[in-house]
Structures are given as C-alpha cells and as structure tokens.
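Peer 1: need a 3D model of the sequence below.
(chains A, B and C)
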Amino acid sequence: MAQQNHLYLVDGSSYIFRAYHRLPPLTNPEGTPVGAVYGYTTMLWKLADDLHKADGPTHMAVILDKSSQSFRNELYDQYKAHRPEPPEDLRPQFPLIRDATRAFSMPCIEEDNVEADDIIASYAKDALAKGWKVTIVSSDKDLMQLIQPGLDMLDTMKNARLGPEAVMEKFGVTPEQLGDVLALMGDAVDNVPGIRGIGPKTASKLIVEHGDLESVLAAAPSMKPSKMRESLIEQADMARLSKVLVTLKDDCPLPNELDDFLLKDIPPEPLAAFLTKHGFTSLLRKLGASGPADAAPTPSGAANDVPRSDNAIAPQPLSMPTINVDDYVCVQDAETLDAWIAKARAEGMAAVDTETDSLDSMQAALVGVSLAVAPGEACYIPLGHGGTDMFAEKPRQLPFEEAVARLKPLLEDDAVLKIGQNLKYDLNVLARHGIHVSPIDDTMVMSFNLDAGHEFGTGGHGMDALADRHLGHTCISFKSLTGTGKKQIGFNEVPLADATRYAAEDADVTLRLWHVLRPRLPIEGATRIYQNVDRPLIPVVAGMEREGIKVDREQLAALSQDFATRMAALEGEIHELAGQSFSIGSPKQLGEILFDKLGLKGGKKGKTGAYSTDVTVLEKLAGEGSEISRKVLDWRQLSKLKSTYTDALQEQINPNTGRVHTSYSLVGAQTGRLSSTEPNLQNIPIRTEIGRQIRHAFVAEPGNVILAADYSQIELRLAAHMADVETLRDAFAKGEDIHNRTAQELFGEVNRDTRGRAKTINFAILYGISRWGLAGRLEVSADEAQAMIDTYFQRFPGINRYIAETVEKARECGFTETLFGRKTHFPRINSKNQAERQGSERAAINAPIQGTSADIIKRAMVRMGPALEAAGLAHVRMLLQVHDELVFELPESDVEAASAVIRQVMENAAEPAVTLSVPLGVEIGTGPSWGAAH
DNA sequence: GCACTCACG
DNA sequence: GACGTACGTGAGTGCC
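Peer 2: Got it, this is the predicted structure:
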C-alpha cells in the first residue's frame, strides 16, 4: 500500500522576516550577515528530517515572493504601499535563501506578478483535488484561511501544528469565516484598509454574531447608533475591497507539476558546500554524521554500490558507478542488439549518440550508434567501419539496413525517452535514414537553460566541458583516435575497440549528465523554458536545417564577377593615390599609408599600437575630402560581399539537395537567441542596395514563392511593456511610427534629423545607455547626450525604474530573467573592475528584452507546424529564422491562407503564458526571392 | 590563434 | 583622474 502523498509548501519569505528578528546577527566567513539564513537552513533541515516518518512530507517546495506587484495593486493602488524597506543587514540574505533551498536540492518557486500566498493556495488546491495531504509551513494569518480537512499549517518556530481549532482560538471563527474577519479589521502592514476603528476583537464579534461580512454590512443600519455603525455604513465598500485583497487567489498558472516536488534523499555534496561557505559548522558536523533524511546517496533509479566518501564535498554524485571505458560492449550481432533494445525499453529511457564521418549533419555518413541504458551500461553498434577501401576486409558488424530497421522502433517509441547531447545533430543524421526520433531530452540545451552566461572556461555547454564540470571526468578526445591535420583519418577507420570506448563513453556520459541536470530544472526554475520552449524547438529547428533554401548559383557567380571587376579598378586607383602598391586588406599597411605616408590626421589605438582604420574613421576622413578613404570604403564593401557571400555561398550548396543548409546553434547566444553557422544565414546583407542584391539570389522553387514575416519593432514594444511606459504603449496601440513619436516627445518636432536621433536613442536605451556612447553616436558632447537621456527618462517614465530594477536584480541574484523565465547569468556584475562591471550591467539591461523577443519567436516556431497543418497547409515550409523574422517557401496558391495563419501564430505567440500590454505587429511580404519578399 | 573589420537583428 | 565607451552574433583576412 503506497503511502499517501503529503505536500509541504514552505512560505519562505515570511519565514525569513521572523527568523531575522529572532536570531542573533551572525555573519559568514566573508562577512555577509547570515543570521536569518541560518534560521531558515535549520528549519529546512528539520522538515527534511521528517521524510520517511509517518505523516512526514513526500513532496516539498519553497515558495518565495518575487515581486510585491500583483493583481491587488491594480485593485487598490495603496496595497502594500507603506511597507518599510527591509533592514540593511537583511537584504543581502534574500538571495541566500535561494542558495539554501538549492543546497537541499529542493524546488524554489517564484513568479512575477503573483504573491507567494496565491501560489501556495493554488498548489494546495491542486494537491487536495488529487487527494493529497497538504501542510503549509508558515504562521501567516492570511494563509490560515486555507485550513480545512486534509490541510493544516506548521509553525516551525513554535513547533506547532495549526488546525481549525487554532483559528478558533485566535480569531473565534472558523477558517471559512476568517477572510471576513480580516476584511473588517484590515492590515496595517499590507495597508489593507478594513474599517477604521474595528480591530480583531470587534471584527470577530461581528462575524460571529452575523455570520459573514455581507450580513454585517446589511445589518449595520439597524445597529444602535455609534461610531462603529457610522463607520460600517460609510466604509462598506472599503470592507468589500479589503475582502478581495485578503482572499487568496487559488487559480494561478503554476510553473511546475506537483510531481516535480517529489522529495528525494538529499545529495550531501551541494549541502555540504553551502554549509561550509557560510560557516554553519555545527550543521556540517551533523551532515557528516547522518544528514537530513539520512542524506542517503541514492537518487532513484541509479545503481548504488559505492561507499560514502568521508570527504563531504565529493567531486562526483555518489550514486553513479565510476566510469570505466573497458566495460562497454561492442554490438556485432542481432541478438545482442535486441537485448540492448529490450533493456532500453525496460528502463524507459536511453542515451543515444551517433558517430559519423563529418560535422555537417546534412552530409555525414552514419558510421555507428551508441546507446547507454544506465550509468556505466553502454554499448556501441558499428555500422560503417572498415574505411573506404572496397577490397579490404571489414570488421564484423551488423548489416547497415538491418541494424537501422531494428533501432527504428526503439528510437520512435513514445514510451522511451531518448537522451542526447546536442541531439539536433543526431536527429538530422537519423532523419536522413527515415528515423524520426521522439520523445527527446537534450543535456546541452538543459545546461544552457540552467547556466547561460556562467563562465566555465572553454567549451561552454559542450560535452567534454560538461563531463569535466559535473562528473569530474575527462572524456576520451576525438583527436586521440583520428589524429589531426593531414594524417587525420575518418571515424570509420578507427579500430572497433577504440571506437567502442569512445562512442559508448559519449552515451554513458550523456546519460549521467542527464541524471545531474534533469533534477536541477525544477529546483532552479528552468522547467518552464526548457519544457515549453527550447526542448520542443529542437525538432523544429532540425527540420528547418534539413529543408535548406535554394540559392541561384549563376546569379551569385555573376555578382562575384561584377564585384571582382570593380575591385580591380578601385585597387588601381587606390595604389595610384597612395603612390605605391600595398595590400588594401591589411589594416596595418593601410593605416601606415594613410597616416604616416599621406599625413592624414587620426590616432593610434589600443594594445597593438596599430592605427584604427574602421568604417567610422574612414567615413570621417572621406567626409573631410580624402578621396583615397572613400575608395577604400567602397573596396572594402565589395571585398566583404564577395568573399563572405557571393563566393562563399556557392561553395555551401549541398550537392545532394542543391540547397544551402545552415546549422543553427540552440545555445550560441547568452540571451536565448539562435545563432547560425556554416553558412551564417542571419547576416545576409540588406542595408545597402549593393548588398541587397545577394538576397535576390535566395529563391523559391518553380511554382513557389518566398514569404518573409517580420515582427515590427518587437524589442521596443517589449521594452514598453516591461518598463510599463504609457506613452510608448499608447503609440504602439495607435500604430504610430515609434521613432517619430520619440522625436516629438524629445525634440518637439519631427523631421529627418530628429527622427534619426530619436531612433539612435531608442536603440541606446535597449542596449543600456551611457552618455559617452550616445555622445559618440550622435556626435554631440557628453553633456548634451546626458541632457537627452534625462529628457528621455522624464518623457518616458518607467524606463529609468526598469533599468535600475534590472541591474539591481542582476547584482543580487547574479542573473536576469525573461518574461518566460529564461535566465541569463552575469558573473561579473559585481566585479571591482569598472569596465567589466559596467559592461555586465549594460548586457543585463538588454538581456531580458532581447531574450523575451527570442522566447516569443521560438514559441511561434514551435506552434507554426501544427497550425499550418491544421489549416491544411502542409506544403508551407519554414526555412529560416533571423531573430525577428521567419522565412517560408510555399506554393503560390497558398500565399493568402498561409499569411493569415503565420500572422495569427506570430502575433499571439506570447499567449497564454504572458499577456502583453502592447500588440505585436507582424509585416509579411512575398516574392520570387528573399530580396523580393521584403 | 588573435586582432581587426564588417555583415545582420 | 583615468578608464573606455551601446546589446547580441559569425566569418574572412592578415599576421605572428
């Protein structure tokens, strides 16, 4: 008989205030005050200790107040308006509460625009509906309204369980009536008005007498004349408002499933690290002895035969056996393969990795597949080993088609989770063999969702770096098997024994990483972004990569030819003007010609001592009449376009598909944007007419057209929403030109010049403004730039507050968040180096805006396929994403229907998770080429 | 392998 | 008083 589930919901924020006042002002070894943190830590310890005890918790979550803003502020602007600032030595302890919770490997829930009490009420309701027991760890009187059969409260300071009798004792009413009492008496701290002159005693008496609030108010006129009677009549609406304010909202959208809160045995390492850091030595000793919940080193599902280390801070999760690459199996016959497949089915999951002969997933030949079914249990299935010599004897391996046919049902089985590291690559390789892998998890994407922005030396979220970081393990290097340079061999030529060790290790490591990273998602609030956005995006992006886009080779070749001719002419003229021949492409030589030989004015720059010859410098010189500078600028543009685009793109055409297939990185940009490589199709020219010709070479197949759909000014719209700038919101709502409106507000008139300046300032705001930077861009003095910034803040109130709050949050928490919960970390935000610190501040101001924009278009991409399919538009294919733009190829006859669906999906992509206070505008164009679609 | 330059949002 | 001046990317070239 399974034990009944029992959910503990810990009201973390209220606890820390009480602990602060009750405990002495301790400090940790670094001098940070930690008295309240210590109290909080002992409380969590006590709670965790009750795991496995009768009526103890089976599930636990800590709920924290993230913002003081909620729907209550909209109802009543004075709500919580007069809260005193927390004491100086308490403030630095708030972020440590999160650290403490994490040290216990417990989930920590914080949501924007919702109060902790409401989240607690909502989870409680959810759990009760499922027949669970619920205990709320708090002594907050508002939460006492929730007490009912199956739900009690726990006051850990008094070590008392609070049931209905506690409410009766304190307020003389039942929990259901408590809200009405609270409404009458009001609350000074939260600034709930109640009725003046009525305190707890009178309120209770009235409710007991009349039953509920409305009855009290209805009975007021017939009461005997008194101050109270008048107050009740006059302030009846205040009482009703107060009732709404004190009533808990129990239908909040919840970021986690209840199952995420399952209370497992607590891994001792992170806890020990935390206790050590803050000097909680007595608890540390206790941990060494037994630890909360026995700190048993046995997360579920993992083998465990390793003795506990005496060293509390062990380098590896203790639950997994040591990695031994000689344990791996090379699968060379069908029976063995079937046994591994059966084991994967039994486990319900397997880590999968493919080995190929190329990094290009659209050209790579499949050389082998590895599987891991449990930590330490992995195999390699060679499929294409034996090199390229047709006559040489090949090692024994399963026939390719047979192995693929046997693996396919497993890889497509809905009941078996396939785990990969950068699985997008494997998805593409396998899709080319007719296997559509699902469902999936990706450890690289998990790492990105947890740790974006954290500096981890080299490697970022790559497997070797993750293995080193999380498992303390150094993977066999690819190069040690294949060599490098001229003598490098293909993976298909690597001997089977070596290939097995390498390939199976990759799968084993991936599975182990999953065991480390997967539990962190709910604990660190990354579940939402991972499950709802980035994970479902993986197959979508893989599909776009496989589609590719057609480019007209002849058109590119003609452009290359044209550019070459014009460059040759310019080159002659430049050498003529210089009086000598030199390499124009060398900034060093160019600088010496311009400044030393020709004596133009301009400064040296930076560490290398070389002259700067970038576009701003050359433009300035050209403006002063330097003919050679103008010609160098023209030459540079042509050179860039030719080498980076017209020449390079031709070489990127896939010989099999005749199209260009970029590769998107899902973890490339710290803010959550995608990045595009080999080739980068996110920086195809558009700003100049000459560059724009390159876009015309991106074409549709006969009978089809290219459709480009752009979000219009999405980042400024998001800034208007997030900073709550009424003027900007109003302008967007009315469909005004936002730069014109800004010019009007800042300069009082709209013309070309003021609009241009306004546009520059608008972008400066998004990027984290500095007077110096703006001054440089606008070519005005720093004082004048500062004056414009001041005016901007004054005309657009809210921006200033957004900037201050965002930087403050980054300083305190070390990260910022998007509206959808994506975190970006800023480890240098508190650096003593000013430049470093200020750089992080600017990035932190930008990250929530750029990141939210990335979240929105990603959500649109995830929904696009199903939406088009539902509309019967199966021939519409999504090809490219360029940050705020999606590019499609579709039959000409589908344009009208597809435009409607695409617009609908993109404009509503934030819903229902987030409702924006500005509309999202989408502009759509079509044509025979990408250039023509704009 | 780094610095510089420049293409994009 | 100096610092180093806008956010996020990837690629080609020259040079050590």
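Peer 1: other SSEs contacting the strand or helix carrying A:Val541?
Peer 2: If you go by DSSP states H and E, A:Val541 is part of helix A:535-547. Packed against helix A:535-547 by the contact rule (3 or more CB pairs under 8 Å, 6 or more residues apart in numbering; DSSP states H and E) you find helix A:423-431, strand A:440-442, strand A:663-665, helix A:834-870, strand A:877-881. (C-beta placed from N, C-alpha, C; glycine too.)
Peer 1: out of those, which is closest to A:Leu407?
Peer 2: helix A:423-431 (8.6 Å; CB to CB).
Peer 1: could you list the domains of chain A?
Peer 2: Domain ranges of chain A: A:6-259, A:325-517, per automatic domain parsing.
Peer 1: roughly how far does whichever residue of the stretch 51-200 of chain A sits closest to DNA strand B sit from A:Phe820?
Peer 2: Going by CB to the nearest atom of the strand, DNA strand B is nearest to A:Asp112 of the stretch 51-200 of chain A, at 23.9 Å. According to CB to CB, to the nearest Å, A:Asp112 and A:Phe820 sit 10 Å apart.
Peer 1: so what sits against both of these two?
Peer 2: Counting by CB atoms under 8 Å, 6 or more residues apart in numbering, A:Asp112 and A:Phe820 have no common neighbour.
Peer 1: which of those two has more neighbours?
Peer 2: A:Phe820 (20 against 12; other CB atoms under 10 Å).
Peer 1: which residue packs closest to A:Leu411, ignoring adjacent ones?
Peer 2: Spatially, and ignoring its direct neighbours in sequence, A:Leu411 is nearest to A:Val437 (4.7 Å; CB to CB, 6 or more residues apart in numbering).
Peer 1: stretch A:60-77: which residues count as buried?
Peer 2: Neighbour-count burial for stretch A:60-77 flags A:Met60, A:Ala61, A:Val62, A:Ile63, A:Leu64, A:Asp65, A:Lys66, A:Ser70, A:Phe71, A:Arg72, A:Asn73, A:Tyr76 (criterion: 16 or more other CB atoms under 10 Å).
Peer 1: from these, which has minimum pLDDT?
Peer 2: pLDDT is lowest at A:Ser70 among the buried residues of stretch A:60-77; the value there is 75.
Peer 1: wait, doesn't that residue sit right on A:Asp112?
Peer 2: No - assessed by CB atoms under 8 Å, A:Ser70 is found out of contact with A:Asp112, at 9.4 Å.
Peer 1: need the helix or strand of chain A with the lowest average pLDDT.
Peer 2: None of the helices or strands of chain A scores lower by mean pLDDT, DSSP states H and E than helix A:281-289, at a mean of 76.
Peer 1: ok now that helix, how far from the chain's centre?
Peer 2: From the chain centre to the centre of helix A:281-289 is a distance of 36 Å (CA atoms, centre = their mean, to the nearest Å).
Peer 1: cool, and stretch A:753-761?
Peer 2: 32 Å.
Peer 1: picking up where we left off before, so how far is DNA strand B from the residue nearest to A:Leu411?
Peer 2: As judged by CB to the nearest atom of the strand, to the nearest Å, A:Val437 and DNA strand B stand 31 Å apart.
Peer 1: show me what contacts that residue?
Peer 2: A:Val352, A:Leu411, A:Glu412, A:Lys418, A:Leu423, A:Asp426, A:Leu427, A:Leu430, A:Ala431.
Peer 1: pretty sure the fifth one sits against A:Asp442.
Peer 2: Yes - in this structure, A:Leu423 is within contact of A:Asp442 by CB under 8 Å, at 4.6 Å.
Peer 1: tell me the confidence at the residue nearest to A:Leu411?
Peer 2: In this model, A:Val437 carries a pLDDT of 97.
Peer 1: equivalent analysis for A:Gln397, please.
Peer 2: 95.
Peer 1: the residue nearest to it when sequence neighbours are not counted: how many residues sit nearby?
Peer 2: In space, and not counting its chain neighbours, A:Gln397 is closest to A:Pro382: 4.4 Å by CB to CB, 6+ apart. Burial of A:Pro382 is recorded as 27 neighbouring residues (other CB under 10 Å).
Peer 1: what do you get for A:Arg518?
Peer 2: 15.
Peer 1: ok, back up a step: which residues touch the residue nearest to A:Gln397?
Peer 2: Applying CB under 8 Å, 6+ apart, the residues near A:Pro382 are A:Cys330, A:Val331, A:Gln332, A:Val367, A:Gly368, A:Pro395, A:Gln397, A:Leu496, A:Ala499, A:Thr500.
Peer 1: turn the contacts of A:Val437 into JSON lines, columns for neighbour count and pLDDT.
Peer 2: As requested, these are arranged in JSON lines below (neighbours: other CB atoms under 10 Å; pLDDT from 0 to 100):
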{"residue": "A:Val352", "neighbour count": "29", "pLDDT": "98"}
{"residue": "A:Leu411", "neighbour count": "23", "pLDDT": "98"}
{"residue": "A:Glu412", "neighbour count": "16", "pLDDT": "96"}
{"residue": "A:Lys418", "neighbour count": "24", "pLDDT": "97"}
{"residue": "A:Leu423", "neighbour count": "28", "pLDDT": "96"}
{"residue": "A:Asp426", "neighbour count": "26", "pLDDT": "97"}
{"residue": "A:Leu427", "neighbour count": "29", "pLDDT": "97"}
{"residue": "A:Leu430", "neighbour count": "25", "pLDDT": "97"}
{"residue": "A:Ala431", "neighbour count": "17", "pLDDT": "97"}
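Peer 1: what's the closest of these to DNA strand C?
Peer 2: A:Leu423 (18.4 Å).
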